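S.K.: what shape does this take:
(one chain, ligands or ions: 2)
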Amino acid sequence: MGPLLRIATAGSVDDGKSTLIGRLLYDSKAFFVDQLAAIERTSRERGEDVPNLALLTDGLRAEREQGITIDVAHRYFATPRRKFVIADTPGHVQYTRNMVTGASTADVALILVDARKGVLEQSRRHAFIAALLGIPHFVVCVNKMDLVGWSQERYDEIREEFRRFAMRLDVPDLSFVPMSALNGDNVVNRGTEAPWYEGTSLLHHLEEVHVASDHNLIDARLPVQYVIRPHQDFRGYAGTVSGGVFRPGDEVVVLPSGFTTVVERLWGPGGEPVAEAFPPQAVTVELADHVDVSRGDLLCRPNNRPHVGQDVDAMVCWLTERSTLKPGAKYLVKHTSQLVKASVRTLDYRLDVNTLHRDETATGLSLNEIGRISLHTQTPLLFDSYRRNRGTGSFVLVDEATNDTVAAGMITGPRVSSSNVVWHAPTVTREQRPTRGLTVWLTGLSGSGKSTVAAELERRLVASGRPAYLLDGDNLRHDLNADLGFAADDRAENVRRTGAVARLFADAGTVAIVSLISPYQADRDAVRAAHEAAGLEFVEVFVDTPLEICERRDPKGMYARARAGEIRGFTGVDDPYEAPVDPELVLRPADGDPADGAAAVLALLDR
Ligand SMILES: Nc1ncnc2c1ncn2[C@@H]1O[C@H](COP(=O)(O)OS(=O)(=O)O)[C@@H](OP(=O)(O)O)[C@H]1O
Ligand SMILES: Nc1ncnc2c1ncn2[C@@H]1O[C@H](COP(=O)(O)OP(=O)(O)O)[C@@H](O)[C@H]1O
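M.R.: Numbers count the residues shown, from 1 in each chain. Ligands and ions are numbered 1, 2, ... in the order given. From the prediction side, this is the model:
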């Protein structure tokens with residue numbers, strides 16, 4: 001049997017969530033027989049011929065944990081192929097916090113959409129939170145298909161709309177299933193109503209989802225929860241592995257002390273010796289040397305350590321109605337096995353999860369609101385970003401006075417800039433410099449000819465005595481942007497940083513020529529706005545070569561690899577490219593010489 005699959009559901013009551021869960025349990029015959037009999041009786045009494053499966057899941061259990069009510073019901077069921085646990089969280093709008101607490105360890109997010117209503121704010125909100133929580137697999141259940149006559153057109157429309165939204169989130173795996181939870185089509189059994197649908201039923205999909213590789217098996221991390229010392233001769237350190245693999249013989253370093261030693265033996269939860277331990281296993285480690293290790297310390301590899309620091313940036317979701325988050329307030333941070341005093345330094349913005357708009361004027365966060373903060377801790381935290389490690393990247397904030405859990409947090413990284421840093425006005429003004437700079441920004445698909453045109457442009461400018469410098473995306477990804485991948489937010493950061501460097505060049509009097517796919521309009525607009533705010537000119541050039549041509553050229557063989565499934569999320573293949581809405585110049589180098597492209601840009605600059 002495969003590993004246990006943790007499922008989080010999202011969607012409002014009206015979308016049919018209870019019915020869907022009921023149907024999963026009912027058709028897979030995974031619940032108690034007396035429960036079934038009771039439901040059939042009640043349904044008959046109500047004159048319904050289809051058993052009302054919502055009765056199975058109604059009345060969610062309320063759990064009280066440190067002052068907050070979390071309505072999360074855990075339902076276990078199994079098929080011959082796999083065991084499942086569903087964290088059922090009420091979908092009502094104010095229940096964001098339930099989702100945050102119920103879904104933080106989930107492998108799969110089930111997002112319900114009513115086929116008649118389409119992708120509502122609610123679905124977007126849940127998808128956003130599920131992505132923020134790092135849930136790696138999304139299944140969008142397009143429910144109530146029977147009420148739209150199993151229209152393929154409607155299904156495709158919803159799929160397209162959702163896909164467009166999800167592209168801005170970091171969702172590694174996204175699937176869609178058209179269904180009728182009420183009638184049971186495509187939930188457990190494959191229905192016959194939609195011959196155009198070539199996929200499997202939801203349950204079959206859930207049985208097949210591959211989760212073993214979702215855990216971070218690269219960065220070895222063991223936060224020490226307990227020091228076990230039953231007698232003089234044994235000293236063990238117990239905790240839950242939150243990343244990587246530990247084996248006897250491995251060299252490890254103890255943080256924060258920095259002592260290096262070797263794993264002598266590993267013991268499983270039942271006290272049995274084990275040959276290796278990986279997430280999320282509980283393990284006790286015996287070390288070769290008698291180094292000083294205490295609760296809250298962390299074991300990792302000497303050449304792969306977490307961040308150590310007192311200033312972190314994090315996304316937080318506020319979980320209580322009894323108070324609001326305010327910059328300057330003090331809390332306890334519960335992070336791995338540590339409890340540390342901390343204060344909120346800044347609230348950078350509050351996020352509207354429906355529109356993804358960042359409100360930088362926000363002064364606080366109240367119940368269910370999400371925002372980005374910077375946090376200063378009294379002693380250093382040993383942390384990773386949440387994207388890299390859900391264990392060492394998450395924390396909760398506790399109100400010291402009431403002991404209430406007030407927020408759930410996801411670390412985005414070490415604090416980038418600090419409010420203690422002051423801006424120094426330049427002593428040499430732009431007017432005093434011998435040349436005027438600006439930024440020429442070439443955007444387009446891979447292989448469209450950006451670099452070729454950019455290189456020619458640089459050559460011509462320099463030959464004519466004008467300082468110019470080419471900032472090539474590929475090259476920058478070797479150092480400045482070496483830590484970034486190709487998820488939407490990494491691309492955004494890539495564009496932001498490159499834009500910042502271009503601004504410096506332009507400010508210094510050089511023509512900064514940028515060659516970057518930069519697929520999102522919003523990211524390019526942000527760079528333009530930053531230039532305008534600094535009084536610098538920004539020229540957006542769209543290198544508009546059709547995908548077919550780029551793919552035929554395939555200068556680096558990337559398209560072939562993307563088509564073969566070796567590269568995922570490749571722009572133009574399975575990742576979006578948003579063409580510029582209003583660029584200063586459009587080049588169609590497909591039908592010309594690269595030199596013509598450069599000449600066209602030069603002509604524009606001369607104007
Ligand atoms: N998933 C995915 N999507 C797009 N491109 C990918 C990807 N993986 C690697 N590459 C190679 O990286 C080059 C694009 O990097 P950029 O920094 O310009 O991209 S972006 O602006 O951040 O989108 C691009 O090179 P160019 O062909 O020079 O554009 C690709 O060869
Ligand atoms: N008119 C043209 N302008 C630019 N490149 C062209 C043109 N015609 C053919 N090419 C070829 O297309 C390829 C574009 O690759 P490159 O400039 O690296 O693209 P990008 O930087 O956009 O990924 C090069 O091999 C280039 O020689």
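S.K.: and this structure, which residues reach ligand 2?
M.R.: Near ligand 2, the residues belonging to the chain are 444, 446-453, 515, 553, 555, 589, 592-594, 597 when assessed by Cβ under 6 Å from any ligand atom. Where you see a C-beta, it was placed from the backbone N, CA and C, and this is true even at glycine.
S.K.: show me which of these are buried.
M.R.: Neighbour counting by 16 or more other Cβ atoms under 10 Å classes 444, 446-453, 515, 589, 594, 597 among the residues of the chain next to ligand 2 as buried.
S.K.: what is the nearest of the residues you listed to ligand 1?
M.R.: Of all these, ligand 1 sits closest to Ser446, with 3.3 Å by Cβ to the nearest ligand atom.
S.K.: residue contacts, the closest one?
M.R.: By Cβ atoms under 8 Å, 6 or more residues apart in numbering, the residues touching Ser446 are Ile517, Cys550, Lys556, Met558, Tyr559, Phe570, Thr571, Gly572.
S.K.: what's the pLDDT at it?
M.R.: Reading off the confidence values, Ser446 has pLDDT 96.
S.K.: helix, strand, or coil at it?
M.R.: coil (DSSP: H, G, I helix; E, B strand; the rest coil).
S.K.: once you drop chain neighbours, what's closest to the residue of the stretch 1-150 of the chain found nearest ligand 2?
M.R.: Of all residues in the stretch 1-150 of the chain, Ala131 sits closest to ligand 2, at 28.4 Å by Cβ to the nearest ligand atom. Nearest residue to Ala131, sequence neighbours excluded (Cβ to Cβ, 6 or more residues apart in numbering): Leu169, at 3.8 Å.
S.K.: am I right that that neighbour falls within a helix?
M.R.: No. Going by three-state DSSP, the assignment for Leu169 is coil, not a helix.
S.K.: so it makes contact with Phe128?
M.R.: Yes. Assessed by Cβ atoms under 8 Å, Leu169 is found in contact with Phe128 at 6.3 Å.
S.K.: show me the contacts for the closest residue to Phe246 other than its chain neighbours.
M.R.: Closest residue to Phe246 apart from its sequence neighbours, by Cβ to Cβ, 6+ apart: Ala277 at 4.8 Å. By Cβ under 8 Å, 6+ apart, the contact list for Ala277 reads Leu222, Val241, Val245, Phe246, Arg247, Leu266, Gly268, Val283.
S.K.: which of the residues you listed are buried? Put it as a ChimeraX command.
M.R.: Per 16+ other Cβ under 10 Å, the buried members of the contacts of Ala277 correspond to this ChimeraX selection:
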select :222,241,246,266,283
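S.K.: using a markdown table, lay out the contacts of Ala277 together with distance to ligand 1.
M.R.: Conversion of these to a markdown table gives the following (distance: Cβ to the nearest ligand atom, whole Å):
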| residue | distance to ligand 1 |
| --- | --- |
| Leu222 | 33 |
| Val241 | 30 |
| Val245 | 27 |
| Phe246 | 32 |
| Arg247 | 33 |
| Leu266 | 38 |
| Gly268 | 40 |
| Val283 | 36 |
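S.K.: out of the contacts of Ala277, flag the one nearest to Ala603.
M.R.: Of all these, Val245 has the smallest distance to Ala603: 58.9 Å, by Cβ to Cβ.
S.K.: any idea how far the residue lying closest to that closest one once chain neighbours are set aside lies from Gly244?
M.R.: Nearest non-adjacent residue to Val245, counting by Cβ to Cβ, 6+ apart: Phe278, 4.6 Å away. Per Cβ to Cβ, to the nearest Å, Phe278 is found 7 Å from Gly244.
S.K.: more neighbours: those two, which one.
M.R.: Ranked by neighbour count (other Cβ atoms under 10 Å), Phe278 and Gly244 place Gly244 first, with 22 against 17.
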